[in-house]
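Student: this one's sequence-less:
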Ligand code: HEM
């Protein structure tokens, strides 16, 4: 009898309906750490014939840190998106990537993020206070969603009045292909066009009235080309950047916060300790990040023939790095399926493996998660889960892959 976990088809969304399929990846790490996954015949969309799946920490980290061998040029997703290749921070290599990254990094230094602390605390307090008026609520939409959305909007400079609209379009774009939602799939192209149109309008407004935010910086900044001449970012680069910031900055942190709370409710001893010993907060946030690992995989492309663990990989092959699997690797983490808020060291891969694309928002995300739990604990004595969580399995072509979309709770 073939082992169903050993032979699981990773492109089958049913695998992800109840969250990340850790049992399958535990088997892969043990039996086939470098596995070729073909796309089934007739699989919709434009993509390669298949992709390599790296499930062990060491291999993921090594590939992540070797951008010459594993290029990011075609983007982190598995679908072919020629418009994105080489045009977005996540889909650039070498000096082009470093230049753009340096430029945008100015908005995300630890100093800048600390300066945003006060703002994050004010948002978190107001969000929890408003939620408390309801008592029973959906933690994902009414709390976990709100803080990252408003923080990234503050940083980018999206006016308050536009936020619900911009983020509902982002959500439509992400959920457009969520076949578990029960509603007919929306058109991701239409949502993307709307996002781009908004980014354009915002650019016009910022150029006319510059302010101290990332969008003003990006719309007006001079970028130096290889020949020493300077240009500004073009419309497409700006549009794609807007999409990257709004998606990367909100969806991931929301998942970390909501999976974090759900896991703490499943481990009341750890929740009690986190509340009563504020010194545990720092390690607790790292464990929440390791445990939740909100990004399923990032894809790269091999630039020349190579081998991993003796398995030949051909130049041009798609190679995917499965961060949640690396974060449960028994060779690196002692008892990896134990949720332990005091785990140390905890060198998880939730933000990537330390290569040139390491998450630009890591400091911000850590502060948001910390502040949200601090403000929640300060205001709420009792939290109870009142119903089952609901996950959305996005398409396999979307690196986020699985999102927790609802967590009913009662706060008092
Ligand atoms: C818990 C929350 C988050 C998680 C788990 C997460 C995870 C990741 C991962 C895995 C990568 C790819 C790293 C690599 O390939 O080496 C990445 C890249 C990136 N993240 Fe995050 N992220 C989070 C929050 C944020 C936030 C709040 C922002 C804010 C803007 C952000 C912006 C970015 C950007 C711009 C990149 C691309 C960097 C590059 O290509 O150079 N992320 N993130």
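Tutor: Thanks, I have the structure now. Just so you know, these numbers come straight off a predicted model, no measurement behind them.

Student: every contact and neighbour count from this point should use C-alpha atoms.
Tutor: OK.

Student: now do stretch 312-332: distance to the chain's middle.
Tutor: 17 Å (Cα atoms, centre = their mean, to the nearest Å).

Student: what residues sit buried inside that stretch?
Tutor: For stretch 312-332, the neighbour count (16 or more other Cα atoms under 10 Å) marks 313, 317-330, 332 as buried.

Student: and that stretch, end to end?
Tutor: The straight-line separation of the ends of stretch 312-332 (Cα to Cα, to the nearest Å) is 25 Å.

Student: check whether the longest helix along the chain comes near the ligand.
Tutor: Looking across the chain with DSSP state H, the single longest helix is helix 235-266. Yes: Helix 235-266 lies within reach of the ligand by Cα under 6 Å from any ligand atom, at 245, 248, 249, 252, 253, 256.

Student: quick one: mean pLDDT for that helix?
Tutor: Averaged across helix 235-266, pLDDT comes to 90.

Student: who does the lowest-mean-pLDDT helix or strand in the chain touch, helix- and strand-wise?
Tutor: Between all helices and strands in the chain, the lowest mean by mean pLDDT, DSSP states H and E belongs to strand 223-224, at a mean of 70. If you count contacts as 3 or more Cα pairs under 8 Å, 6 or more residues apart in numbering; DSSP states H and E, strand 223-224 packs onto helix 94-105, strand 230-231.

Student: do you know which of these lies nearest the ligand?
Tutor: Smallest distance to the ligand across these (Cα to the nearest ligand atom): 5.9 Å, for helix 94-105.

Student: identify the farthest-apart pair in the residues of helix 235-266 next to the ligand.
Tutor: The largest separation in the residues of helix 235-266 next to the ligand, counting by Cα to Cα, is between 245 and 256 at 16.8 Å.

Student: ok, the residue most central in space within the chain - contacts?
Tutor: In the chain, the residue lying closest to the centroid (Cα atoms, centre = their mean) is residue 252, at 3.6 Å. Residues counted as contacts of residue 252 (Cα atoms under 8 Å, 6 or more residues apart in numbering) are 294, 295, 400.

Student: within reach of the ligand, which of those residues are there?
Tutor: 294, 295.

Student: can you put the contacts of residue 252 in a markdown table and add secondary structure?
Tutor: Shown next, in a markdown table, are the contacts of residue 252 (DSSP: H, G, I helix; E, B strand; the rest coil):
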| residue | secondary structure |
| --- | --- |
| 294 | coil |
| 295 | coil |
| 400 | coil |
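
Student: got the residues of the stretch 151-300 of the chain near the ligand?
Tutor: 245, 248, 249, 252, 253, 256, 293, 294, 295.

Student: quick one: residues contacting residue 384.
Tutor: Contacts of residue 384 by Cα under 8 Å, 6+ apart are 265, 409, 410, 411.

Student: that one in helix, strand or coil?
Tutor: Under three-state DSSP, residue 384 comes out as strand.

Student: and if you look at residue 388?
Tutor: Secondary structure state of residue 388, per three-state DSSP, is coil.

Student: burial count for it?
Tutor: When counting by other Cα atoms under 10 Å, one arrives at 10 neighbours for residue 388.

Student: use 799 as the first number for this chain going forward.
Tutor: Sure, I'll start counting at 799 from here, so that last one is residue 1186.

Student: surely it meets residue 1207?
Tutor: No: look at residue 1186 against residue 1207 with Cα atoms under 8 Å: they stay out of range, at 9.6 Å.

Student: just put the helices and strands packed on strand 1021-1022 in TSV and tack on mean pLDDT and mean neighbour count.
Tutor: As requested, those are exported to TSV (pLDDT from 0 to 100; neighbours: other Cα atoms under 10 Å):
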stretch	mean pLDDT	mean neighbour count
helix 892-903	86	15
strand 1028-1029	76	12
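
Student: can I get these in JSON lines with distance to residue 956?
Tutor: Output for the helices and strands packed on strand 1021-1022, formatted as JSON lines (distance: least, Cα to Cα, whole Å):
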{"stretch": "helix 892-903", "distance to residue 956": "17"}
{"stretch": "strand 1028-1029", "distance to residue 956": "25"}
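
Student: the strands in the stretch 1099-1210 of the chain, which residues?
Tutor: 1104-1106, 1109-1111, 1116-1119, 1181-1183, 1188-1191, 1200-1204, 1206-1209 (DSSP state E, counting those that start in this stretch).

Student: would you list those in a markdown table and tack on mean pLDDT and distance to the ligand?
Tutor: Shown next, in a markdown table, are the strands of the stretch 1099-1210 of the chain (pLDDT from 0 to 100; distance: least, Cα to the nearest ligand atom, whole Å):
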| stretch | mean pLDDT | distance to the ligand |
| --- | --- | --- |
| strand 1104-1106 | 98 | 19 |
| strand 1109-1111 | 98 | 20 |
| strand 1116-1119 | 98 | 9 |
| strand 1181-1183 | 96 | 22 |
| strand 1188-1191 | 90 | 17 |
| strand 1200-1204 | 93 | 12 |
| strand 1206-1209 | 96 | 21 |
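
Student: ok, and the closest non-adjacent residue to residue 820?
Tutor: With sequence-adjacent residues excluded and distances taken as Cα to Cα, 6 or more residues apart in numbering, residue 820 is closest to residue 1123, at 7.0 Å.

Student: check contacts around that neighbour.
Tutor: Going by Cα under 8 Å, 6+ apart, the list of residues near residue 1123 reads 820, 823, 824, 827, 853, 854, 855.

Student: ok, the least confident helix or strand of the chain: who's next to it in the sheet?
Tutor: Partners of strand 1021-1022 in the sheet, by DSSP bridges, are strand 1028-1029 (antiparallel).

Student: hmm, back to that, so which of the strands of the stretch 1099-1210 of the chain is the most surrounded?
Tutor: A comparison of those by mean neighbour count, using mean count of other Cα atoms under 10 Å, puts strand 1116-1119 on top with a mean of 26.

Student: show me the shaky parts of this structure.
Tutor: 799-804, 904-906, 973-986, 1023-1024 (pLDDT under 70).

Student: can you name the residue of the stretch 849-998 of the chain nearest to the ligand?
Tutor: residue 888 (3.3 Å).

Student: show me what contacts that residue?
Tutor: Contacts for residue 888 (Cα under 8 Å, 6+ apart) come out as 870, 871, 873, 874, 1155.

Student: much appreciated, bye for now.
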